[in-house]
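Chemist: sharing a sequence plus its predicted fold:
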Amino acid sequence: MTGTSTEPGPDAVTPPPAPKASRAGRNLPAAIAVGVLLGAGLLVALLTVREIFVGIVAAAVAVSTVELAGALNRAGGIRIALWPVLIGGQAMVWLSWPFGRNGVLAAFVLTVLTCMVWRLGQGAAGYVRDLSASVLTAAYVPLFASFAAMMVVPADGTARVLCFLILVVSSDTGGYIAGVLFGRHPMAPAISPKKSWEGFAGSMTAGIVAGILCLTLLLPGQWWQGALFGAALVLTATLGDLVESLIKRDLGIKDMGALLPGHGGLMDRMDSLLPSAVVSWLLLRLFIPG
């Protein structure tokens, strides 16, 4: 009796084994290269003409706003009032230099009012949803980013911004290394499965050390202020990462965009920076009035 053999013939080609997923979870060389280039550009701006930093923040706000609006529309059918948020967002950032908090607040309120009117012409269906998303985008991206722009205004603004950036990078790097090497216990598996308590401990350690060094070497702060500053920014950076992860999980997407190789979209790099900018500005004004 004959039958169909299930054994591979002599000429069969065995497919190569699938490559193992990197524990790093990203294209590490590309991510490092992009991070170094972005950091170098920011450093050059801060050490030459401080006002350029405001332009960098404004450009990042515009790109991030478009990425977030596109993700909301593609994945959730949510239509934010893009032009009012884009123009209002630029007004928030640029008015932060000459007018400070008053300029930012005035621009934000006018942006919200414009969004309310802008959406009227599209009818009642989805009005509350779209308007809520528009206000959230205006607050989450340009309003929060404006605090980073306001940090560079004082005479010691370059040092303040450097402290803010170094702390966020230290938190991200410390958590990344500790998570890859020692991560065993998930921190928030339903939101971000790769984030671990071991990684958070690495972030906190790196952040506190960096905070002490930054506030005592770059600014006339006390060591305990640096420790508090570092711990606070680790918390806000972690919270920002979890919030954006939850938004992406709700929308069913992996990244907000694909602009930066190894990172995703620019908004995927802004997640920890945005809330940290607010807390940095508040704490540095409290610790070192200027």
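Modeler: Perfect, I can see it now.
Chemist: poorly predicted segments of the chain, please.
Modeler: Applying pLDDT under 70 to the chain flags the ranges 1-28, 30-31, 34, 262-263.
Chemist: can you give me the strands in it?
Modeler: Listed in chain order, the strands of the chain (DSSP state E) span 186-188, 192-196.
Chemist: so which elements touch the longest one?
Modeler: Contact here means 3 or more CB pairs under 8 Å, 6 or more residues apart in numbering; DSSP states H and E; on that basis strand 192-196 packs against helix 157-182, strand 186-188, helix 223-251. The C-beta positions use only the backbone N, C-alpha and C, and glycine is treated the same way.
Chemist: about what we covered before: of all the strands of the chain, which one is nearest residue 176?
Modeler: Closest to residue 176 of the strands of the chain, according to CB to CB: strand 192-196, at 9.8 Å.
Chemist: relative to helix 223-251, how tilted is the closest one?
Modeler: Relative orientation of strand 192-196 versus helix 223-251 (axes from the mean of the first three to the mean of the last three CA atoms, to 10 degrees): 160 degrees.
Chemist: how far does strand 192-196 sit from the chain's center?
Modeler: Centroid separation for strand 192-196 versus its chain: 17 Å, with CA atoms, centre = their mean, to the nearest Å.
Chemist: oh, and call the first residue 37 from now on, that's how I've got it
Modeler: That works, and once the first residue is 37, the last one we named lands at strand 228-232.
Chemist: got CSV for the strands of the chain, with distance to residue 159 too?
Modeler: Formatted as CSV, the strands of the chain follow (distance: least, CB to CB, whole Å):
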stretch, distance to residue 159
strand 222-224, 38
strand 228-232, 37
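Chemist: turn those into TSV, columns for mean neighbour count and distance to residue 191.
Modeler: As requested, those are arranged in TSV below (neighbours: other CB atoms under 10 Å; distance: least, CB to CB, whole Å):
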stretch	mean neighbour count	distance to residue 191
strand 222-224	17	40
strand 228-232	18	38
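Chemist: coming back round to it: return the most buried member of the helices and strands packed on strand 228-232.
Modeler: For those, the largest average neighbour count (mean count of other CB atoms under 10 Å) is found in helix 193-218, namely a mean of 22.
Chemist: show me what that helix is packed against.
Modeler: In terms of contacts (3+ CB pairs under 8 Å, 6+ apart), helix 193-218 is packed against helix 64-83, helix 180-187, strand 228-232, helix 233-253, helix 259-287, helix 309-323.
Chemist: try 6 Å this time
Modeler: Here helix 193-218 touches helix 233-253, helix 259-287, helix 309-323, going by 3 or more CB pairs under 6 Å, 6 or more residues apart in numbering; DSSP states H and E.
Chemist: between those helices, which gets nearest to residue 169?
Modeler: Between residue 169 and those, the shortest gap by CB to CB is with helix 259-287, which sits at 10.4 Å.
Chemist: could you tell me the angle between the closest one and helix 193-218?
Modeler: Between helix 259-287 and helix 193-218, the angle comes out at 60 degrees (the same axes, to 10 degrees).
Chemist: by contact count, what packs against helix 259-287?
Modeler: Secondary structure elements in contact with helix 259-287, counted by 3+ CB pairs under 6 Å, 6+ apart, are helix 193-218, helix 233-253, helix 309-323.
Chemist: flag every buried residue along the longest helix seen in the chain.
Modeler: Taking DSSP state H as the criterion, the chain has its longest helix at helix 118-154. For helix 118-154, a neighbour-count test (16 or more other CB atoms under 10 Å) marks 118, 120-122, 124-133, 139-140, 143-144, 147-148, 150-151, 154 as buried.
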